[in-house]
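Asks: Task: produce atomic coordinates for the following.
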Amino acid sequence: MNYPKVSIIVPCYNVERYLDRCMSSLAKNTYDNKQVVFVNDGSTDSTAMLLDSYRKYPFVKVIHKKNEGVSVARNTGMENADGKYIMFVDPDDYVEHNFILRASKEMEKTGCDMIMFGFNTDWTGKLEPVIPLEHYSLSSNKQIIEKLFPRIYGLSLERFHNWLSGGGKLMPDKETGQVWRWIYRKSFLQKNNIAFEKIKVGEDMVFNAECLLAADSLKSIDDCLYNYFPRKDGLMYSNINGLDSLRNKLDVLEQRIRLGQIFENKTGEKALPLFGGSCIMSCFELAYLLSKTDDYKTFKSYVNNATVQECITHSKIGFKNIKALIPYFLLKTRANLLLFLLFWTVNKLNIKMSY
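Replies: Residues are numbered from 1 along each chain as shown. Presented below is the predicted three-dimensional model:
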């Protein structure tokens, strides 16, 4: 096989505990033409020193920059990547020995713009496989938008209604949107000016949704090439209070609206039904979180957002999911203070809430 160059981008911020494991897995990858771009995003621990020690590997490039967040770090990595294909790795995870070879081989064989693969995760305490929901072989932008875009873009109003009506799991047909479970053709990203938006939460979903709106060909492979270890000291858990929570939710909403306009221009269909359920669930999440600090003002500012109100207006009530029925009914009838007090009580009684 002629090994095309593959660039793997690894954004790093205070990850000294995990870096050696990640680096070891990349070094052991059975691939001769790789470039690993580590971007140190202003770490304050020994991350920078560890990264500099990796310069002994001829395939490693290290970039040190001030702290600006994971989106800017990944964009910096892409700007310094010279491979034909782009892959991403988070420094607290590690990859299988054939991570690069298996993915790039499929890209060479199919000529696709992007390819999805499976991964292992320890959500339940032990590594378990997560593979694509089905074998995708999509050869037009129309097929990609119809089949896969809704599964990454958000929770639909229809799926939310089915859940309220006792229709099983909330998101049984959702594909996780992390960028580390994909390989991308670099020329495709450049041609469509696709980069990470500077938001703190949900940047992976936004990036991939934008890719799906532009891609003309896409496939999936069932092999689990990546090992994902979610950690509660990571970025997802670092900004969960007050105005930061609101800003994160509004940033993601703004991006969904932007992507929705592209979707509507391409399809002539309304985008709001595809993500309206996500807005409603965000109301619940914020009520639960912000009631811990009695921050009703911040909660109300999200609920009263015009797009959020439109999602609530177009949603339909279901009567079988009792656990969610009461908070939804309060939201639907604009009893926002009562909804907030409900979750305040839940927190005071130390009742664990999960949907």
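
Asks: just the strands in the protein please.
Replies: Using DSSP state E, the strands assigned to the chain run over residues 6-12, 34-41, 60-65, 85-88, 94-95, 114-121, 128-130, 137-138, 182-185, 218-228.

Asks: Quick check: which of those is nearest to K270?
Replies: Of all the strands of the chain, strand 137-138 sits nearest to K270, with 22.5 Å by C-beta to C-beta. No exception for glycine: its C-beta is placed from N, CA and C like everyone else's.

Asks: what does that closest one contact?
Replies: Under the criterion C-beta atoms under 8 Å, 6 or more residues apart in numbering, residues 144, 147-148, 217-220 lie in contact with strand 137-138.

Asks: Buried members of these into ChimeraX, please.
Replies: Taking 16 or more other C-beta atoms under 10 Å as the burial criterion, the selection of buried members of the contacts of strand 137-138 in ChimeraX is written as:
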select :144,148,217,218,219,220
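
Asks: Including distance to T176 and pLDDT, could the contacts of strand 137-138 go into JSON lines?
Replies: Listed next are these as JSON lines, based on distance: C-beta to C-beta, whole Å; pLDDT from 0 to 100:
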{"residue": "I144", "distance to T176": "17", "pLDDT": "98"}
{"residue": "K147", "distance to T176": "16", "pLDDT": "97"}
{"residue": "L148", "distance to T176": "12", "pLDDT": "97"}
{"residue": "S217", "distance to T176": "21", "pLDDT": "98"}
{"residue": "L218", "distance to T176": "16", "pLDDT": "98"}
{"residue": "K219", "distance to T176": "17", "pLDDT": "98"}
{"residue": "S220", "distance to T176": "13", "pLDDT": "98"}
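
Asks: how far away is V95 from M23?
Replies: As for V95, its distance to M23 is 11 Å (criterion: C-beta to C-beta, to the nearest Å).

Asks: quick one: contacts of stretch 301-313?
Replies: When contacts are defined by C-beta under 8 Å, 6+ apart, stretch 301-313 is touched by residues 157, 246, 249-250, 253, 257, 272, 275-277, 279-280, 282-283, 286, 331-332, 336.

Asks: whoops, stretch 153-166 was the one
Replies: By C-beta under 8 Å, 6+ apart, stretch 153-166 touches 150, 168-171, 173-174, 205, 209, 256, 259, 263, 271-278, 280-281, 311, 314-321, 324-325, 328.

Asks: I'd like to know which of those are buried.
Replies: For the contacts of stretch 153-166, burial is judged from neighbour counts taken by 16+ other C-beta under 10 Å, and it is met by 150, 170-171, 174, 205, 209, 256, 259, 263, 271-278, 280-281, 311, 315, 318, 321, 324, 328.

Asks: re the thing from before, using TSV, lay out the strands of the chain together with distance to W344.
Replies: Formatted as TSV, the entries for those read as follows, by distance: least, C-beta to C-beta, whole Å:
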stretch	distance to W344
strand 6-12	37
strand 34-41	36
strand 60-65	41
strand 85-88	39
strand 94-95	41
strand 114-121	33
strand 128-130	35
strand 137-138	46
strand 182-185	40
strand 218-228	34
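
Asks: With T298 as the reference, name the closest of these.
Replies: Closest approach to T298 among the strands of the chain (C-beta to C-beta): strand 34-41, 27.5 Å.

Asks: Now tell me which helix or strand of the protein has the poorest mean pLDDT.
Replies: helix 322-332 (a mean of 90; mean pLDDT, DSSP states H and E).

Asks: for that helix, packing partners?
Replies: Packing contacts for helix 322-332, counted by 3 or more C-beta pairs under 8 Å, 6 or more residues apart in numbering; DSSP states H and E, involve helix 157-164, helix 272-290, helix 336-348.

Asks: what's near enough to touch the closest residue in space to Y85 that isn't next to it in sequence?
Replies: Among residues not flanking Y85 along the chain, V6 sits closest, at 4.7 Å (C-beta to C-beta, 6 or more residues apart in numbering). Counting by C-beta under 8 Å, 6+ apart, V6 makes contact with 31, 33-35, 83-87, 100, 103-104, 183.

Asks: Quick one: the helices in the stretch 1-150 of the chain, in order.
Replies: Along the stretch 1-150 of the chain, the segments classed as helices by DSSP state H, counting those that start in this stretch run 19-27, 47-53, 70-79, 99-110, 141-147, 149-153.

Asks: of all those helices, which lies closest to V130?
Replies: With C-beta to C-beta, the closest approach to V130 among those belongs to helix 149-153: 13.5 Å.

Asks: For the closest one, give the mean pLDDT please.
Replies: Along helix 149-153, the predicted local confidence has a mean pLDDT of 97.

Asks: Perfect, I'm done here.
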